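# Give me the fold of what follows.
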Amino acid sequence: MENVVLIIHLLLALALIGVVLMQRSEGGGLGMGGGGGGAVSGRAAATALGKVTWILAIGFIITSISLTIIAADKSSDSSVLDRVGAGSAASDAPATEAPAGSELLPPSAGDSAPLVPRAD
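Numbers count the residues shown, from 1 in each chain. Presented below is the predicted three-dimensional model:
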């Protein structure tokens, strides 16, 4: 089922790109040329390409939501963070304390070791 919806989704995306590219520029939003008097006139009449664009856009949104619902149903109950936490169980071991009277020094700039006790 997921593959069928995904194929429909991809076909709708390609059709939507094609229909949008076939439409005539009306705005000149970036200063590029368009139809004369588009900004002065009132609302333009809906063309067939405009209606097809809306239909394809609505279909694209429906398939997007459908794919999201299908993916949510197929996902497990655990989170990705739960799986990451299982791999770092070794780092959760209790740290040993330094002997009494010693100070912990930070590692040198090129060293990646943790804090070490200073030997006196």
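# Would you mind identifying the helix or strand in this structure with the lowest mean pLDDT?
strand 104-105 (a mean of 58; mean pLDDT, DSSP states H and E).
# So for the longest helix anywhere in the chain, mean pLDDT?
Longest helix in the chain by number of residues (criterion: DSSP state H): helix 48-74. Confidence for helix 48-74, expressed as mean pLDDT, is 93.
# for that helix, which positions count as buried?
Val52, Thr53, Leu56, Gly59, Phe60, Thr63, Ser66 (16 or more other CB atoms under 10 Å). In this view, the C-beta of every residue, glycine as well, is placed from N, C-alpha and C.
# For that helix, name the packing helices and strands.
Packing partners of helix 48-74 (3 or more CB pairs under 8 Å, 6 or more residues apart in numbering; DSSP states H and E): helix 2-22.
# could you check the angle helix 48-74 makes with the helix it packs on?
With axes from the mean of the first three to the mean of the last three CA atoms, to 10 degrees defining the directions, helix 2-22 sits at 150 degrees from helix 48-74.
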